[in-house]
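J.: what would the 3D arrangement of this be:
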Amino acid sequence: MSIDDAIRVMSLDDAKVQVSKMKYALVYQISEVIFDRIEQIAEICWEECLEGYFFDETMQIHIFTGEDGLQAVCFTEPENMIDNNKEDIIDKDYRLAGKYQKIGSRITKREYLDYDEDGQVYVAYTRLVDVK
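T.: Got it, this is the predicted structure:
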């Protein structure tokens, strides 16, 4: 299964419903940056939202500002993708800034690698996975 098969465009209304089922949210708003467990976030002001990442171990919903306003895409990691493609997936941990360490000390970013027609490797997709 290719990375493209794991990504689907979704309506903004569907995305807003689905984000409540995610574990974490990283939201860039005009007035602030919100990064917390989803159940700890009282409200997201969608009118101020520039971009948002809502994620857990198997899925990420990315809401972003496009030409027609806010748009959404969903990446769902296919079952057994990690087991079948260990050499093409890289997890990187990054230390969180002090103000975000109430939810954990590190964030994990996953890179999915692919190969072009010349056999050169490139990062085909990147997503947030977990906070530890």
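
J.: show me the shaky parts of the chain.
T.: Scanning the chain for pLDDT under 70 picks out the ranges 1, 81-84.

J.: now the residue sitting nearest the centre point of it. Nearest residue, chain neighbours left out?
T.: For the chain, Gln60 is the residue whose C-alpha lies nearest the centre (C-alpha atoms, centre = their mean; 3.9 Å). Computed as C-beta to C-beta, 6 or more residues apart in numbering, the closest residue to Gln60 that is not its neighbour in sequence is Arg127, at 4.2 Å. For every residue, glycine as well, the C-beta is placed using N, CA and C.

J.: quick one: that neighbour from Glu111, how far?
T.: Applying C-beta to C-beta, to the nearest Å, the value for Arg127 to Glu111 is 9 Å.

J.: between those two, who's got more neighbours?
T.: When neighbours are counted by other C-beta atoms under 10 Å, Arg127 and Glu111 differ, and Arg127 comes out ahead with 19 against 15.

J.: just give me how far the helix or strand that one falls within sits from the chain centre.
T.: Using DSSP states H and E, Arg127 maps to strand 121-131. Its chain's C-alpha centre and that of strand 121-131 lie 9 Å apart, by C-alpha atoms, centre = their mean, to the nearest Å.

J.: would you mind listing the buried residues in that strand?
T.: Burial within strand 121-131, assessed by neighbour count using 16 or more other C-beta atoms under 10 Å, is assigned to Tyr125, Arg127, Leu128, Val129, Asp130, Val131.

J.: hmm, Ile7 and the first one touching each other?
T.: What it means is Tyr125. Yes: in terms of C-beta atoms under 8 Å, Tyr125 counts as a neighbour of Ile7; the distance is 7.2 Å.
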